[in-house]
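Student: Everything below, folded, please.
(one chain, ligands or ions: 1)
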Amino acid sequence: MKVTVCGDYDELSLSAADTIEDLLRKKPAGVLGFAGGSTPVGLFRELIKRNEAGRVSFKKCKSFNLDEYVGLSPGNKQSYRYFMEKNLFSHIDIDKSNTFVPDGLASDMDAYCRWYERQIREAGGIDIQVLGLGSNGHIAFNEPGSAFDSRTRVQKLDDRTINDNARFFDSADEVPEFVVTMGIGTIMEAKKLLLLVNGPQKALMVKKCLETPPSEKYPASVIQNHPDATVILDRDAASLLGKK
Ligand code: GLP
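Tutor: All right, here's what the predicted structure looks like:
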C-alpha cells in the first residue's frame, strides 16, 4: 500500500487525476470504477478539464459505479446516477451506454447484482477503482461488519451513514434505508485501488484503517491486503498517522 500525503484537497484531486490519465494514455479502453460522495468531485472537475483540453479521452472507456440507493430512480436528484451525470458523465466524451451505475429500481435485486458483477467481468475487470471513506470506515456502502469476501448486494445503512448523507436530502427521514453496493470482495478484484480522503473529521478513521490490522470492523482496512493500493490524503486527513 502506498500512501501519498498532499498539501490540500486540490492537490489530492490533481494527483488522483494523474493516476487516471496515466492509465488512459497506456490503455484508452481502460475500465474505471467511480465513487459517489463529495470526495471525488474535485477529481471529476479535473478530469473534465483534461478532457476538454484534449489531454485525456474517455471515448473507449467503460465505467462502473460502486453503489446506489434502493428505490431512487436515475432521474431522482439524490440518486448516484443523477450525481454522476451532473458531475462527470454529461461533461466528458464517454459513451453513456458504457457507464454503469447500479439500478436502485431493479425488481429482482439478487439477479440484478449477479448481472452487475458479470458486466464487470465481461469488461475485463476494473483497472482503477476510486474509493472514498465513510466516517464509520465504510467503502462503497459496505458498512462495518461486511465480510471481506462480500459481493454486490443489498445492504442496510447504519444510522451514522444515514445521518452523514442527510446533508444531500431534505432530512434524514428521506435517506433510503437500503442501498445496492459492490461487495468488498468485488472491490478487491480491481487491479488498482485509489482511496481518496480529505478533511480533519476523517483523520481518526484513516489512522484506524491504515495502522491497525485489517478487520471487518473497519471495512476500508481491507485495502492493506490489496497488491496495488494507493491512498491519497490531504494533510488534515493524514494528521494522526504515525502518532500514538
Ligand atoms: C458515501 C458513499 C461512498 C463514499 C463515502 C464517503 O455514502 N456511498 O461511496 O465514498 O460515503 O462520502 P463523502 O466523500 O461524501 O465523504
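Student: Flag every residue of this protein that's near the ligand.
Tutor: 35-39, 66-67, 132-134, 140-141, 161, 165 (C-beta under 6 Å from any ligand atom). C-betas here are computed from N, CA, C, even on glycine.
Student: most surrounded residue in the residues you listed?
Tutor: residue 140 (30 neighbours; other C-beta atoms under 10 Å).
Student: Quick check: pLDDT value at it.
Tutor: Among the per-residue scores, residue 140 holds a pLDDT of 98.
Student: Give me the neighbour count for residue 87.
Tutor: Neighbours of residue 87 (other C-beta under 10 Å): 18.
Student: wait, isn't it in contact with residue 42?
Tutor: No - taking C-beta atoms under 8 Å as the definition, residue 87 is not a contact partner of residue 42, at 10.3 Å.
Student: lowest-pLDDT helix or strand in the chain?
Tutor: helix 159-165 (a mean of 95; mean pLDDT, DSSP states H and E).
Student: what sits up against the longest helix seen in the chain?
Tutor: In the chain, assigned by DSSP state H, the helix with the most residues is helix 9-26. Identification of contacts with helix 9-26 by C-beta atoms under 8 Å, 6 or more residues apart in numbering yields 4, 6, 30, 32, 40, 42-43, 45-47, 50, 55-58, 61, 127-128, 130, 192, 194, 196, 198, 230, 232-234.
Student: Tell me how far that helix lies from the chain's centre.
Tutor: 15 Å (C-alpha atoms, centre = their mean, to the nearest Å).
Student: switch to numbering from 54
Tutor: Understood, numbering begins at 54; the last thing we discussed is helix 62-79.
Student: Tell me the first helix or strand C-terminal of that helix.
Tutor: Reading on from helix 62-79 to the C-terminus, the next helix or strand found by DSSP states H and E is strand 84-87.
Student: per-residue confidence for the residue of the chain found nearest the ligand?
Tutor: Closest residue of the chain to the ligand, C-beta to the nearest ligand atom: residue 185 (2.3 Å). Model confidence at residue 185, given as pLDDT, is 98.
Student: Same question for residue 296.
Tutor: 88.
Student: thinking again about what came up before, can you tell me the closest non-neighbouring residue to the residue of the chain closest to the ligand?
Tutor: residue 92 (4.0 Å; C-beta to C-beta, 6 or more residues apart in numbering).
Student: how would you label the one you found: helix, strand or coil?
Tutor: Recorded secondary structure, residue 92: coil (DSSP: H, G, I helix; E, B strand; the rest coil).
Student: List phi and psi for it.
Tutor: Backbone torsions for residue 92, taken as degrees, to the nearest 10, come to phi -60, psi -50.
Student: you'd agree it is up against residue 188?
Tutor: No - in this structure residue 92 lies outside contact range of residue 188 using C-beta under 8 Å: 11.5 Å.
Student: Report the contact partners of the spatially most central residue of the chain.
Tutor: In the chain, the C-alpha nearest the mean C-alpha coordinate belongs to residue 88, at 2.5 Å (C-alpha atoms, centre = their mean). Listed by C-beta under 8 Å, 6+ apart, the contact partners of residue 88 are 118, 119, 183, 184, 185, 193.
Student: what's near enough to touch the fifth one?
Tutor: Right, the one you point to is residue 185. Contacts of residue 185 by C-beta under 8 Å, 6+ apart are 88, 89, 90, 91, 92, 93, 192, 248, 249, 250.
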